[in-house]
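Student: 3D, please:
(2 chains)
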Amino acid sequence: MGVTPQAAGESVVAGVSPNWLTTRVDFLVNWARSNSMWPMPFGTACCAIEFMATAASRYDIARFGMERMSFSPRQADVLLCAGRLPFKLAPVIRRIYDQMPQPKWVISMGACASSGGIFDNYAMVQGIDTVVPVDVYVPGCPPRPEGLLYGILLLQKKIRGETLADPSIRIERTLDHRGLRLTPERIDELSEPFGNSLHQTRSA
Amino acid sequence: MNPSAEALKRQFGSAIRRVTESCGDTIVSVEAGRIREVLAWLKDDPDQAYNYLVDVTAVEYRDAELPIEVVYELFSIPRSTGLRVKAELPKDPPLEIDSVVPLWAGADWLEREVYDMFGITFRGHPDLRRILMWETYAEGYPLRKDFPLRGRFSRSEQVRQALNATPEAHYSLEELGIAESYYELPADMRERLSRGERGRVPDPTEGR
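Tutor: Next comes the predicted model:
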């Protein structure tokens, strides 16, 4: 292909098989992890439609190593909650998260998954971070495929910054004795109404 | 005006409270106590033949004086005609009305939804329990005007109750038709299922 056998630098490793390289373990592991994330699509609403568009040929999530949707949580790396989460589904997403093996990450896609969005009502979880830990929040209602891809790139960046020397980030944290992930005070604080939600209770 | 309204007045007299027309639809208000009788006649009379129950729902008005209305959307497939029948229920408990499941089996889930959202009890319903909210939901009836938009409990309490529900057990084993196989399951799975939403596992020898 036009490359001469005697290229520059060749003499340095002369006589040695070219099939090895040196690297840091962290770099190698993170490179592998971040470029082959298998998402578990937890699509509950219109965000899932945008997620499908992201997976389709125009935006092509496969460019980032995510073409294999894992519909079994046991083979998934990323839980992608696309859409609003009603209280009735809270134990379901929690169980799916618990079933995923480490290492695992969570993307909260869209305003409703991240904060309850416009659904500040009796039926909706106000942000899935009250139920499962979240790594990347993607804003938007729904986010465009570019937005989701940016979130995925951010998650890849986050993974590349992880180190095997710190096992604490991979510790499995189950629900506490109350059956909660956070303290009740923290959940109430996260669920506080904000913005236009403040004016919603007129008829109550 | 739908001619069924006049026919109803001739047939039932004072049980027909009011007939109004709105946006081309005829609305008939019927005494709540006779609703099943009236709907049975509308279904079975060959000149009416309202054989399809499109929807059962309810309305509560902001004005506290006004009664709650249970709304029946009827449609006659052979005659291509629709009719809306309303039954007025005074707000003081018991909020009860006859079930129309004996007339239309499809009313089963529709009436369960009205029960779930408004707390209206349907007498004679074969399986009246919540359908959208989980069965242990204790905050009340969400579409009632006195129900606060965010629910009655704090957010942390709502999350706690939701996370403590057992997702596998939304349906009873009877509904799934596998009540017999319960005793063949491994012990840990049996234990988990028995802690389900309704907290009771049917005995397969029961009711035989």
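Student: Check which residues of the lengthiest helix in chain A are buried.
Tutor: As assigned by DSSP state H, the longest helix anywhere in chain A is helix A:145-160. Within helix A:145-160, the residues scored as buried using 16 or more other C-beta atoms under 10 Å in any protein chain shown are A:145, A:147, A:148, A:149, A:151, A:152, A:155, A:156, A:159. Quick note: C-beta positions are derived from backbone N, CA and C, even for glycine.
Student: Now do the SS call for the residue lying closest to residue B:54 once chain neighbours are set aside.
Tutor: The spatially closest residue to residue B:54, leaving aside those adjacent along the chain, is residue B:73, at 3.9 Å (C-beta to C-beta, 6 or more residues apart in numbering or on different chains). Classification of residue B:73 by DSSP: H, G, I helix; E, B strand; the rest coil places it in strand.
Student: Can you get me a residue count around residue B:73?
Tutor: By the criterion of other C-beta atoms under 10 Å in any protein chain shown, residue B:73 has 17 neighbours.
Student: try the one 4 residues further on
Tutor: By the other C-beta under 10 Å criterion, the neighbourhood of residue B:77 contains 10 residues.
Student: distance of it from residue B:104?
Tutor: Computed as C-beta to C-beta, to the nearest Å, the residue B:77 to residue B:104 distance reads 13 Å.
Student: What's the end-to-end length of stretch B:162-181?
Tutor: 28 Å (C-alpha to C-alpha, to the nearest Å).
Student: quick one, phi psi at the residue lying closest to residue B:104 once chain neighbours are set aside?
Tutor: Nearest residue to residue B:104, sequence neighbours excluded (C-beta to C-beta, 6+ apart): residue B:53, at 4.1 Å. Backbone torsions of residue B:53, given as degrees, to the nearest 10, read phi -90, psi 110.
Student: The one 5 residues further on now?
Tutor: As for residue B:58, its main-chain torsions (degrees, to the nearest 10) stand at phi -140, psi 160.
Student: again, but for residue A:42
Tutor: phi -110, psi 80.
Student: joint contacts of residue B:77 and residue B:104?
Tutor: Residues touching both residue B:77 and residue B:104 by C-beta atoms under 8 Å, 6 or more residues apart in numbering or on different chains: residue B:52.
Student: check contacts around residue 61.
Tutor: Just so you know, I chose chain A. In this structure, residue A:61 makes contact with A:54, A:55, A:67, A:149, A:152, judged by C-beta under 8 Å, 6+ apart.
Student: The intended chain is chain B.
Tutor: When contacts are counted by C-beta under 8 Å, 6+ apart, residue B:61 is found next to residue B:145.
Student: what about 10 Å?
Tutor: Shown in contact with residue B:61 (C-beta atoms under 10 Å, 6 or more residues apart in numbering or on different chains): B:67, B:68, B:69, B:145.
Student: What segments of chain B are strands?
Tutor: Under the criterion DSSP state E, strands of chain B are mapped to B:16-22, B:25-31, B:52-59, B:68-76, B:81-89, B:96-98, B:121-123.
Student: re earlier: quick check on the contacts of residue B:61: which are buried?
Tutor: Here, 16+ other C-beta under 10 Å leaves B:67, B:68, B:69 buried among the contacts of residue B:61.
Student: right, and the second one touches residue B:90 too?
Tutor: I take that to be residue B:68. Yes: here residue B:68 reaches residue B:90: they are 8.0 Å apart, a contact under C-beta atoms under 10 Å.
Student: can you list residues touching both of those two?
Tutor: Residues touching both residue B:68 and residue B:90 (C-beta under 10 Å, 6+ apart) are residue B:32.
Student: low-scoring pLDDT stretches of chain A, where are they?
Tutor: A:1-17, A:195-204 (pLDDT under 70).
Student: hang on, the earlier thing: show me what the longest helix of chain A is packed against.
Tutor: helix A:25-34, helix A:46-55, strand A:78-82, strand A:105-109, strand A:136-138 (3 or more C-beta pairs under 10 Å, 6 or more residues apart in numbering or on different chains; DSSP states H and E).
Student: quick one: which of these is nearest residue B:137?
Tutor: Nearest to residue B:137, of all the helices and strands packed on helix A:145-160, is strand A:78-82, at 22.8 Å by C-beta to C-beta.
Student: Now do the closest one against strand A:105-109, angle only.
Tutor: If you take axes from the mean of the first three to the mean of the last three C-alpha atoms, to 10 degrees, strand A:78-82 sits at 10 degrees to strand A:105-109.
Student: Do you have the helices of chain B handy? List them.
Tutor: B:3-12, B:35-44, B:107-118, B:155-163, B:173-176, B:187-194.
Student: Could you point out which of those helices sits nearest residue B:124?
Tutor: Of all the helices of chain B, helix B:35-44 comes closest under C-beta to C-beta, at 8.2 Å.
Student: Could you count how many residues lie near residue A:142?
Tutor: 24.
Student: wait, is it part of a strand?
Tutor: No: using three-state DSSP, the secondary structure at residue A:142 is coil, not a strand.
Student: quick one, what contacts it?
Tutor: Residue A:142 makes contact with A:45-51, A:53, A:82-83, A:109-113, A:117, A:148, according to C-beta under 10 Å, 6+ apart.
Student: sorry, back to before: list just the nearest of the contacts of residue B:61 to chain A.
Tutor: Checking the contacts of residue B:61 against chain A with C-beta to the nearest C-beta, the nearest one is residue B:145 at 6.9 Å.
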